[in-house]
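**Student:** could you look at this predicted model? Sequence included:
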Amino acid sequence: MGIGNIFKAFQPKDKVFFVLFEKVAETLVSMSKEFHESLLEFDINDDTMLKDMSDYEHKLDDLTHEIFVQLGENFITPFDREDISTLASGLDDIADFMYASAKYIYLYKTPLDPSYTEFSLLIYKSCVEIENAIKNMKDFKNPREVKESCIKINSFENIADDVLSQATVKLFETQDAINIIKIKSVLEYLETVTDKAEDVANTIENIIIKYA
Amino acid sequence: MGIGNIFKAFQPKDKVFFVLFEKVAETLVSMSKEFHESLLEFDINDDTMLKDMSDYEHKLDDLTHEIFVQLGENFITPFDREDISTLASGLDDIADFMYASAKYIYLYKTPLDPSYTEFSLLIYKSCVEIENAIKNMKDFKNPREVKESCIKINSFENIADDVLSQATVKLFETQDAINIIKIKSVLEYLETVTDKAEDVANTIENIIIKYA
Amino acid sequence: MGIGNIFKAFQPKDKVFFVLFEKVAETLVSMSKEFHESLLEFDINDDTMLKDMSDYEHKLDDLTHEIFVQLGENFITPFDREDISTLASGLDDIADFMYASAKYIYLYKTPLDPSYTEFSLLIYKSCVEIENAIKNMKDFKNPREVKESCIKINSFENIADDVLSQATVKLFETQDAINIIKIKSVLEYLETVTDKAEDVANTIENIIIKYA
C-alpha cells in the first residue's frame, strides 16, 4: 500500500541496512543475556561482566556509526531515512543505558536489590523481541509477527514500571538515605532501558504502518 | 502558503485525525481537572483519584493507538505524518507523567507539598490551552488563536520551573533526607508534565508554521 | 550528492538560517566561556554570573524563536525543515540546561564540587566545536572539518560521563545525604549539557551526511 511498493522495488540494493540492524539486534541479545546471567550469580569482585558490557557498548557504537555511514552513501533506503536514523539511535540508547546500569552497580558496590534481575530479565526478553521484529521486518512480509513483538515489548515496559514502583517503596522501608539514593539511581537506569526498548518498538511499528 | 494549500483540498477525507486529537485533548482536560481538584482536598485513604488517573491513562493509550492505526490506513493526512506521530506521542506523554505523579503521591504516603496544587493548576491550564489550540487548528483557519495558546503553555512551563526551584529550596530546609528524596521525585514528575505540554505546544506551533 | 545539489542552487536566498545559527553558536560560546570562568573563581555572594546566564538564555530563546519564524516564512530552506527545527531546539536545550546548572549551584549554596569546572570546561570546548561545525556547514564545503568537530564533541561527552561517575563515587564518600542529593543533582544537570551538545553534533552529522 502506498509508497511502500515503490520502495520495495529497490530493496535488493539496500539489504545492507537490514543486515546491519540484524547485527545490532543480535549484539543486544547477547549483551542483555550476559547482563542478566551475571546478575543472577553476581560477584562484585569479578568485573568480567562490566568489561564485557563496555565491549558490547563499543561494538554497538561502531555498528550504529556504520549505519549512519551507509545512510550517507545510499540515496535509496528500504524505509524513510529519518526512521533509519531514529531506529539506529534508539537501539544504541538501549546499549548505553544497559552499560550505565552495569557501571553504577559496580561503582556503588551496594548489595544487589532483588528487583535487578527482574529488570534484567525484562530487558533480555525485550531484546529478543526486538531481534524477532527486525528479522520479520525484512521485505515487510510479516507485519503481524512484527506487531506482536512490539506489543510484547510494550507489555514488558509496563511490567518494568510496576517493578520500579514496588522496588522503590520497599527500598524506602530500609530508612537508609544514602543506600536509597544509590539503589534508586540504579533502578531508574534499569527502568530506562525498558523505556528505550519501548521507543524502539514504537519506531518499528511506525515503519511497519507505513510500508507493510 | 506552500504545501498547506495542496493538503487543504484533501481535508474532508481526513477529519478523523482532528476528531481523534480533539478527543485526546478533551480527555486530558478531564484528567487534569480531576487531578487538580483531588489534590485540593486530598485524602490518602481514598484512592478514587489514583484509579481514575489509571483509567484516563488507559483511555488515552487507546486513543493514541487509534491515531497510529488511522495513520496506517490513510495515505492522505491533514498534516505531515511525522507531525501527527509526534503530536500523538507528546499528548500521550502528558497523561503518562500525570499518572506517574499521582502514583508516587499515593505510594510515598508523604504529606502533600504545598507546591503540588500549584503544579496541578498549571497542568490543568496547559491542557485547556492544548484543547483550544487543537480545536483552532482545524482547517488551519485560526493560526493566531493557536499561537496564543502555545505562548500561554510556554509561559506555564516557565512558571512551573520557578515553582520547582522554590519548592526544592524550601524542601531542603526540612533537613529530612528521606522525605526530601521522595518529594523531590514527585516534584520532578509534576514539572515534567509541564515540559511535555511545552513539547506539544512546540509541535503544534511547528505544524501551524508550515500550513497556516 | 543527491538532493543536496538541488538545494544548493537556492542557497543565496536562505543564508538567513546560517546567519541565525552562527549567532546562536557565538552566543553559546560566550555563555559557556563566562560560565566556566565564573566557576573558576566562584563567589556565591556575587550573582552576576547567574543574571548573565539568565540573559544569555533569554537571548537564545529569542534567536531560536526567530529561526522558527523564518521557517514559517521561507518555503525553501538550505536543508530539511525537520533538521533545522531539530538543530534549533537542540542548541536551545544546551542553553536551558547550562542555565539550570547555574541556577541550582546558586540555589543550593553548597560548596563547589571540584568536578564543576571539569564539566564547564568540557561544555565550553563543546560550544567552540559547535561554532566551528556550524561555520563549516555553510555551503557544505568543509564536511571533513564539520565531522572532526562532531567527533570531538562526542569525545567530550564520553569524558563528561567519566567525570560524572568519578565525581559521584567521591561524593558518596562524604556520607552527607542531603549534600549528596544537592550536588548529585547539579552534576546531572552539568552532564546533561554535554548530552545535549552530543545530540546537536549528531544532528549536524546527519545533515552533513545528506548534503555534503
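**Tutor:** Noted; the coordinates are in hand.

**Student:** tell me the centre residue of chain A?
**Tutor:** Nearest to the geometric centre of chain A sits residue A:94, at 3.7 Å (C-alpha atoms, centre = their mean).

**Student:** can I assume that one is in contact with residue A:197?
**Tutor:** Yes. Using C-beta atoms under 8 Å, residue A:94 is in contact with residue A:197, at 5.7 Å. (Glycine included, C-beta is placed from N, CA and C.)

**Student:** what's the overlap in contacts for those two?
**Tutor:** With contacts taken as C-beta atoms under 8 Å, 6 or more residues apart in numbering or on different chains, residue A:94 and residue A:197 have A:123, A:127, A:130 as neighbours in common.

**Student:** can you redo these as TSV with pLDDT and distance to chain B?
**Tutor:** Shown next, in TSV, are the shared contacts of residue A:94 and residue A:197 (pLDDT from 0 to 100; distance: C-beta to the nearest C-beta, whole Å):
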residue	pLDDT	distance to chain B
A:123	98	20
A:127	98	22
A:130	98	19
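
**Student:** show me what from chain A comes close to chain C.
**Tutor:** For chain A, the residues in contact with chain C (C-beta under 8 Å from any C-beta of the partner chain) are A:68-69, A:71-72, A:75, A:81-82, A:85, A:89, A:103-104, A:107-108, A:177-178, A:181-182.

**Student:** only the buried subset of those, as a PyMOL command please.
**Tutor:** This is the PyMOL syntax for the buried subset of these, where burial follows 16 or more other C-beta atoms under 10 Å in any protein chain shown:
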select buried, chain A and resi 68+71+72+81+82+85+89+103+104+107+108+177+178+181+182
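
**Student:** turn the shared contacts of residue A:94 and residue A:197 into a markdown table, including neighbour count, distance to residue B:16 and secondary structure.
**Tutor:** Below are these laid out as a markdown table (neighbours: other C-beta atoms under 10 Å in any protein chain shown; distance: C-beta to C-beta, whole Å; DSSP: H, G, I helix; E, B strand; the rest coil):
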| residue | neighbour count | distance to residue B:16 | secondary structure |
| --- | --- | --- | --- |
| A:123 | 28 | 37 | helix |
| A:127 | 29 | 35 | helix |
| A:130 | 28 | 31 | helix |
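
**Student:** mind listing what residue A:80 touches?
**Tutor:** So residue A:80 contacts A:207, A:210 (C-beta under 8 Å, 6+ apart).

**Student:** next, give phi and psi for it.
**Tutor:** Note on residue A:80: its backbone torsions stand at phi -40, psi 140 [degrees, to the nearest 10].

**Student:** where does it land on pLDDT?
**Tutor:** According to the prediction, residue A:80 has pLDDT 84.

**Student:** now do the contacts for residue A:164.
**Tutor:** Residue A:164 neighbours (C-beta under 8 Å, 6+ apart): A:115, A:187, A:188, A:190, A:191.

**Student:** er, residue A:82 actually
**Tutor:** Residues near residue A:82 by C-beta under 8 Å, 6+ apart: B:82, C:82.

**Student:** figure out the helix or strand that it lives in.
**Tutor:** helix A:81-108 (DSSP states H and E).

**Student:** got the angle between that helix and helix C:81-108?
**Tutor:** Angle, helix A:81-108 to helix C:81-108, by axes from the mean of the first three to the mean of the last three C-alpha atoms, to 10 degrees: 30 degrees.

**Student:** after the helix or strand bottoming out on mean pLDDT in chain A comes which helix or strand?
**Tutor:** Across the helices and strands of chain A, mean pLDDT, DSSP states H and E gives its lowest value to helix A:3-8, namely a mean of 46. Next helix or strand after helix A:3-8 toward the C-terminus (DSSP H and E): helix A:15-40.

**Student:** so for stretch A:18-28, what gets flagged as buried?
**Tutor:** A:18, A:20, A:21, A:23, A:24, A:25, A:27, A:28.

**Student:** quick check: the gap between the closest residue to the last one other than its chain neighbours and residue A:152.
**Tutor:** Distances taken as C-beta to C-beta, 6 or more residues apart in numbering or on different chains put residue A:127 closest to residue A:28, at 4.4 Å, once the chain neighbours are dropped. From residue A:127 across to residue A:152, the span is 12 Å (C-beta to C-beta, to the nearest Å).

**Student:** again with residue A:75
**Tutor:** Residue A:75 is 35 Å from residue A:152, by C-beta to C-beta.

**Student:** and the closest residue to residue A:35 other than its chain neighbours, which helix or strand is it part of?
**Tutor:** Of all residues not flanking residue A:35 in the chain, residue A:120 sits nearest, at 5.4 Å (C-beta to C-beta, 6+ apart). According to DSSP H and E, residue A:120 maps onto helix A:115-137.

**Student:** that helix to helix A:81-108, inter-axis angle?
**Tutor:** Going by the same axes, to 10 degrees, helix A:115-137 makes 160 degrees with helix A:81-108.

**Student:** next helix or strand past helix A:115-137?
**Tutor:** helix A:143-173.

**Student:** what angle do that next one and helix B:81-108 make?
**Tutor:** 30 degrees.

**Student:** before we move on, the earlier item: could you check the angle the helix holding residue A:82 makes with helix A:15-40?
**Tutor:** Going by the same axes, to 10 degrees, helix A:81-108 makes 20 degrees with helix A:15-40.

**Student:** mind checking the SS state of residue A:61?
**Tutor:** Of the three states, residue A:61 takes helix under DSSP: H, G, I helix; E, B strand; the rest coil.

**Student:** how far away is it from residue A:27?
**Tutor:** Residue A:61 is 11 Å from residue A:27, by C-beta to C-beta.

**Student:** tell me, what's touching those two both at once?
**Tutor:** With C-beta under 8 Å, 6+ apart as the test, residue A:61 and residue A:27 both reach residue A:95.

**Student:** so where's chain A shaky on pLDDT?
**Tutor:** Counting by pLDDT under 70, chain A contains low-confidence ranges at A:1-14, A:212.

**Student:** longest helix of it?
**Tutor:** The residue-count maximum for a helix in chain A (DSSP state H) belongs to helix A:177-211.

**Student:** close to chain B, is it?
**Tutor:** Yes. Applying C-beta under 8 Å from any C-beta, one finds helix A:177-211 touching chain B at A:177, A:180, A:181, A:184, A:202, A:205, A:206, A:209, A:210.

**Student:** can you give me the end-to-end span of stretch A:34-51?
**Tutor:** Stretch A:34-51 has an end-to-end distance of 11 Å (criterion: C-alpha to C-alpha, to the nearest Å).

**Student:** can you check stretch A:165-182 too?
**Tutor:** 16 Å.

**Student:** excluding sequence neighbours, find me the nearest residue to residue A:21.
**Tutor:** residue A:134 (5.0 Å).

**Student:** thought that neighbour was touching residue A:26?
**Tutor:** No. At 9.2 Å, residue A:134 does not count as touching residue A:26 under the criterion of C-beta under 8 Å.

**Student:** ok, now which ones touch residue A:50?
**Tutor:** A:102, A:103, A:106.

**Student:** show me which of those is closest to chain B.
**Tutor:** residue A:103 (21.5 Å; C-beta to the nearest C-beta).

**Student:** you'd agree the closest one is up against residue C:162?
**Tutor:** No. Contact criterion C-beta under 8 Å: residue A:103 and residue C:162 do not qualify, at 9.8 Å.

**Student:** ok, the residue located most distally from the centre of chain A to residue B:182 distance?
**Tutor:** Distance from the C-alpha centroid of chain A, by C-alpha atoms, centre = their mean, peaks at residue A:175 (33.0 Å). Applying C-beta to C-beta, one obtains 12 Å for the distance of residue A:175 from residue B:182.

**Student:** what do the two both touch?
**Tutor:** In contact with both residue A:175 and residue B:182: no residue, using C-beta under 8 Å, 6+ apart.

**Student:** just the buried residues of the residues of helix A:177-211 next to chain B.
**Tutor:** Counted by 16+ other C-beta under 10 Å, the residues of helix A:177-211 next to chain B give A:177, A:180, A:181, A:184, A:202, A:205, A:206, A:209, A:210 as buried.
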